[in-house]
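**Q** What follows is a protein structure lacking sequence information:
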């Protein structure tokens, strides 16, 4: 008995989907392995934070002991998140956390917060590329002015915290890209509140904007492969 045409079509579609899933898994696995190798090379030749060589002692390689976590030994180069074709290394999370202002918090919770933020940044960058959104030097300068400082002042403050000029530039561009993505892709979806004082309307609008941004990020997490390994 011949197989119905629609069944044959469904079978071909399923085979194509299975091949695409297999290719994607292989690509992700290769990316993870490459990232781990790069991380091991970086860990053996540089310090843990900001890529600076630690003088007077051997640079950490495969493991480190985290302050506040007793004698827990964890690999610095381990992949802790996969987002599409991008990966996040544990050493990158630690370096970003180190650049933040000091605050009282459990180390693991701080790292998880930073990792979640880094995943959101990758998702936003992917959405921005899809929408053809780019960051110009004018956008960066505008981001600096929003912080009530000039570039020299920001660099001087960052230097006191052990943050390099390149890291400052990357941070400014990340924030500028997110702000531009929100303006282009999120803000048009929000209706201006009409009731209440101007201050009340502004607060209500900001709350709706943040809620819609989180909703869009959740949608991106569903659309783009995200795996957290922390």
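**A** Received the coordinates, thanks. Note that the coordinates shown come from a computational prediction; the quantities given were computed from them, not determined experimentally.
**Q** All the strands of this structure, in order from the start?
**A** For the chain, strands defined by DSSP state E occupy the ranges 63-65, 73-75, 79-83, 86-89, 226-228.
**Q** which stretch in the ones you listed has the least confidence?
**A** Mean pLDDT is lowest for strand 63-65 out of the strands of the chain, coming in at a mean of 32.
**Q** Return the set of buried residues in stretch 164-172.
**A** If you call a residue buried by 16 or more other Cβ atoms under 10 Å, then stretch 164-172 has these buried ones: 167, 168, 171, 172. No exception for glycine: its C-beta is placed from N, CA and C like everyone else's.
**Q** Point out where the chain drops to low pLDDT.
**A** Scanning the chain for pLDDT under 70 picks out the ranges 1-77, 101-105.
**Q** which residues in it form helices?
**A** In the chain, the helices defined using DSSP state H lie at 5-45, 90-99, 107-130, 137-146, 151-160, 165-181, 198-223.
**Q** For my notes, please list those helices in TSV and give distance to residue 82 for each entry.
**A** As requested, those are exported to TSV (distance: least, Cβ to Cβ, whole Å):
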stretch	distance to residue 82
helix 5-45	6
helix 90-99	13
helix 107-130	10
helix 137-146	29
helix 151-160	30
helix 165-181	19
helix 198-223	12
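**Q** Can you say which of these is nearest to residue 78?
**A** Checking the helices of the chain against residue 78 by Cβ to Cβ gives helix 90-99 as the closest, at 4.7 Å.
**Q** which secondary structure elements does that closest one contact?
**A** The contact analysis (3 or more Cβ pairs under 8 Å, 6 or more residues apart in numbering; DSSP states H and E) places helix 90-99 against helix 5-45, strand 79-83, helix 107-130.
**Q** now the angle from the second one to helix 107-130?
**A** In other words, strand 79-83. Following axes from the mean of the first three to the mean of the last three Cα atoms, to 10 degrees, one obtains 30 degrees for the angle between strand 79-83 and helix 107-130.
**Q** Residue 119 and residue 146: what is the separation?
**A** Separation of residue 119 from residue 146 (Cβ to Cβ, to the nearest Å) stands at 24 Å.
**Q** if we can go back for a sec, of the helices of the chain, flag the one that's most buried.
**A** helix 90-99 (a mean of 20; mean count of other Cβ atoms under 10 Å).
**Q** Please give the number of neighbouring residues around residue 191.
**A** Residues contacting residue 191 under the criterion other Cβ atoms under 10 Å number 8.
**Q** just residue 196 next, same as before
**A** Burial measure for residue 196: 11 neighbouring residues, criterion other Cβ under 10 Å.
**Q** what does residue 192 give?
**A** Taking other Cβ under 10 Å as the neighbour definition, residue 192 ends up with a count of 9.
**Q** for it, phi and psi?
**A** Recorded main-chain torsions at residue 192 are phi -70, psi 130, according to degrees, to the nearest 10.
**Q** which residues does residue 143 contact?
**A** With contact set as Cβ atoms under 8 Å, 6 or more residues apart in numbering, residue 143 has these partners: 172, 175, 176, 179.
**Q** Which one of the residues you listed is nearest to residue 88?
**A** Residue 88 lies nearest to residue 175 out of these, by Cβ to Cβ, at 18.1 Å.
**Q** Might you report the residue contacts of the closest one?
**A** residue 143.
**Q** how does it look with 10 Å?
**A** Going by Cβ atoms under 10 Å, 6 or more residues apart in numbering, residue 175 touches 121, 135, 139, 140, 143, 146, 147.
**Q** now residue 117
**A** Going by Cβ under 10 Å, 6+ apart, the list of residues near residue 117 reads 93, 96, 97, 100, 174.
**Q** Many thanks, I have nothing further to ask.
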